[in-house]
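A.B. asks: With the sequence up front, the predicted model follows.
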Amino acid sequence: MNLPGVKTICLAFLGVLVGGAAIACAAVSITNYNRVIMGVQTADMTLAGMTKGDALTYFEKKAAHQMKDGAIRLAYGDQEWLITPEDIGLKAGSEEAAATAYGFGHTGQPLKDLQTQLRLAVFGQQVTMEAAYDKDKLEGKLAEIAAAIHASPTSAYCTMDAATGLIQKFPGVVGRKLDIPPIVEQVDEKLLALRLPVRVELEPTEEYPPVQDKDLANINGILASYTTRFYPGDRGDNIALAASHLNNVLLRTGETFSFNTTVGPRTAAAGYKDAGVIIDGRMAQDVGGGVCQVSSTLYNAILLANLTPTVRTSHFFPSTYCPPGLDATVADGLIDCQFQNRLAHNVYLMSQVGYGTLTVYVLGTVGDLAGNTVSLTSDGSYLTPTVYRLYSRDGTVVDREYLHTDHYSTPVTD
């Protein structure tokens, strides 16, 4: 073998390779001079060969196209809202993206730039345009939309024509509330990446009212009512105020009603006036005088509706507005009047105050009375009455229920 000849051939081949590489490097450098280098691209096209100005124009046009249909489109039911880029200060980083694209292989360090240019020519480099927006402005726009969607829960309720007994039911309103932070979190990434428009189906949380339509579904008549009379004045004003808390009150089957809890404290701050009360067996003036007439009127109505009394206290001496044994005194934090609904369906309380009259109605499902008519009777003396509840059918008493025996005193006089 002629070794010198082989060596000569190898050296020549190496020279060709080196020369070819040099030519290739020179070609790459010339091609990339003052332009985006080969291999740099976005998701949809190559940027190679563009000047920095060309790249900026490209990204600006791309941003304009991405934002032409708005930033966010929101929908709820048949309602729609459009939030524009201007609404939230959304701006594309077109200058930053162009500078990033042009910056590869243009650091001013020849060897390093050549290495970058060769590497990217083989392996490529993606450039992503990002955006920025004003989060406060976005939350402000969402707050406007939330206000348009918002609805406070409203209870279903009944009205009644006392003359005819006609009951009308009005549906409740389910409340809606839109929670803003989750929406911001949902759209944030897409806004920053300009994946527009961001489409959002709004899902406000629902808040059901205390009384729903289904709670009143079985109410079809007046189970009972009871009326007492009073003289207008401060005492009458107290009666009217307390009675207003008994209007449109739902008592579900199995629930217990508390007068003190429902009506609330009888204080001057609550609007009550000084009027006649009984304190330690003596007549006196105090805030809230007259409210016991409301609790007593209610007590008679619930007895006639076949509801079950659980807490009841008589006055010191018989009242003038109802028969002995059928009164029910109350006092803030001391004496309550309570009863339970043991009927098969819900009942609904209503009150009506006229000129010198107070009527409490108990609405419910007529079938719960099983065809009975309920009445009250008593025997014994004026100061020691024993009270019974009578159940009659077709004019005949079919059952007699003992309720209580009261022991009154006579008024204390000085």
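C.D. replies: Looks like it arrived, so ask away.

A.B. asks: What is the burial count for the closest residue to T228 other than its chain neighbours?
C.D. replies: For T228, ignoring the flanking residues on the chain, the nearest one in space by CB to CB, 6 or more residues apart in numbering is Y321 at 4.3 Å. Heads up, the C-betas are built off the backbone N, CA and C, glycines and all. As a burial measure, Y321 scores 17 neighbours (other CB atoms under 10 Å).

A.B. asks: Y321 against V294, yeah?
C.D. replies: No: in this structure, Y321 is not within contact of V294 by CB atoms under 8 Å, at 10.2 Å.

A.B. asks: Show the pLDDT at the residue nearest to the spatial centre of the chain.
C.D. replies: Centroid check for the chain by CA atoms, centre = their mean gives E207 as the closest residue, at 4.0 Å. Looking at E207, its pLDDT is 96.

A.B. asks: Who is it paired with across the strands?
C.D. replies: Beta-bridge pairing of E207 under DSSP bridges involves G175.

A.B. asks: again, but for V353
C.D. replies: If you apply DSSP bridges, the partners that V353 bridges to are L358.

A.B. asks: Repeat that for L82.
C.D. replies: The partner residues for L82, given DSSP bridges, come to R73.

A.B. asks: Could you shift the numbering so residue one becomes 611, and keep it that way?
C.D. replies: Taking 611 as the first residue, the last one we looked at is L692.

A.B. asks: which residues does it contact?
C.D. replies: Residues counted as contacts of L692 (CB atoms under 8 Å, 6 or more residues apart in numbering) are G680, I682, R683, L684, P807.

A.B. asks: Tell me how many other residues surround the second one.
C.D. replies: Right, the one you point to is I682. Neighbours of I682 (other CB under 10 Å): 26.

A.B. asks: Same question for the third one.
C.D. replies: The number of residues packed around R683, counting by other CB under 10 Å, is 16.

A.B. asks: Could you list the domains of this structure?
C.D. replies: 647-767+785-821, 828-1015 (automatic domain parsing).

A.B. asks: Out of these, flag the one nearest L776.
C.D. replies: Ranking the domains of the chain by proximity to L776 (CB to CB) places domain 828-1015 first, at 10.0 Å.

A.B. asks: so how far does the closest one reach from one end to the other?
C.D. replies: End-to-end span of domain 828-1015 (CA to CA, to the nearest Å): 35 Å.

A.B. asks: for it, what is the average pLDDT?
C.D. replies: Rounded mean pLDDT across domain 828-1015 is 95.

A.B. asks: same question, stretch 690-697
C.D. replies: So the average pLDDT for stretch 690-697 ends up being 97.

A.B. asks: Select, out of the domains of the chain, the one closest to A773.
C.D. replies: domain 828-1015 (11.4 Å).

A.B. asks: Distance from the chain centre to that closest one, please.
C.D. replies: 35 Å (CA atoms, centre = their mean, to the nearest Å).

A.B. asks: what's the answer for stretch 812-819, then?
C.D. replies: For stretch 812-819, the distance to the chain centre is 5 Å (CA atoms, centre = their mean).

A.B. asks: What of stretch 745-756?
C.D. replies: Distance, centroid of stretch 745-756 to centroid of chain: 18 Å (CA atoms, centre = their mean).

A.B. asks: Can you point out the buried residues in that stretch?
C.D. replies: Within stretch 745-756, the residues scored as buried using 16 or more other CB atoms under 10 Å are L748, K751, L752, I755, A756.

A.B. asks: what separates the second one from A681, distance-wise?
C.D. replies: Using CB to CB, to the nearest Å, K751 is found at 10 Å from A681.

A.B. asks: overlap in contacts of the two?
C.D. replies: I693, D697, I698.

A.B. asks: And for the first one, the neighbour number?
C.D. replies: The burial count assigned to I693 is 24, neighbours taken as other CB under 10 Å.

A.B. asks: now do the last one
C.D. replies: For I698, the count of nearby residues is 22 (other CB under 10 Å).

A.B. asks: quick revisit: show me what contacts the residue nearest to the centre of the chain?
C.D. replies: With CB under 8 Å, 6+ apart, E817 has these contacts: P763, V784, G785, R786, K787.

A.B. asks: Between the residues you listed, which sits nearest S854?
C.D. replies: P763 (20.9 Å).
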